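Visitor: Here is my input; please provide its structure:
(one chain, ligands or ions: 2)
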Amino acid sequence: MPTVRQEGCSGCGVCMFYCPEEAISMNDNRVAEIDQNICIDCGKCIEICPRGVIFRAGE
Ligand code: SF4
Ligand code: SF4
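Guide: Ligands and ions are numbered 1, 2, ... in the order given. Okay, here's the model as predicted:
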């Protein structure tokens, strides 16, 4: 499942917009967070993030 590298996220919200499952929300630090219980691992957020800070562990 994808996770967000917290230091690089700009809080732009693009990943939230493109996630088909609404699995992504902004936390109190205005950084994107992925709910691993909702995410279906489609990979759209990884492709779309302009900062390239969403990744799968081990990749
Ligand atoms: S698209 Fe990338 S930079 Fe923008 S909020 Fe999502 S994780 Fe952060
Ligand atoms: S992998 Fe797909 S379902 Fe999971 S957070 Fe990213 S866009 Fe949403």
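Visitor: hey, where'd the strands end up in this structure?
Guide: Using DSSP state E, the strands found in the chain span residues 2-4, 24-26, 32-34, 54-56.
Visitor: Quick one: the ones you listed as TSV, columns for distance to ligand 1 too.
Guide: Every residue, glycine included, has its C-beta placed from N, CA and C. Shown next, in TSV, are those (distance: least, C-beta to the nearest ligand atom, whole Å):
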stretch	distance to ligand 1
strand 2-4	5
strand 24-26	7
strand 32-34	4
strand 54-56	5
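Visitor: what's the most buried one of those strands?
Guide: Each of these was assessed for mean neighbour count using mean count of other C-beta atoms under 10 Å. The highest is strand 32-34, with a mean of 21.
Visitor: List the strands paired with that strand, with their directions.
Guide: Using DSSP bridges, the strands paired with strand 32-34 are strand 24-26 (antiparallel).
Visitor: for the record, mean pLDDT for the partner strand?
Guide: Looking at strand 24-26 alone, the average pLDDT works out to 98.
Visitor: anything in it near ligand 2?
Guide: Yes: counting by C-beta under 6 Å from any ligand atom, ligand 2 is contacted by strand 24-26 at Ile24.
Visitor: Stretch 11-20 now?
Guide: Yes: between stretch 11-20 and ligand 2, judged by C-beta under 6 Å from any ligand atom, the touching residues are Cys19.
Visitor: Enumerate the positions of that stretch that are buried.
Guide: Of all the residues in stretch 11-20, those buried under the rule 16 or more other C-beta atoms under 10 Å are 14-16, 19.
Visitor: would TSV of the residues you listed with pLDDT be doable?
Guide: What follows is the buried residues of stretch 11-20, written out as TSV (pLDDT from 0 to 100):
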residue	pLDDT
Val14	98
Cys15	98
Met16	98
Cys19	98
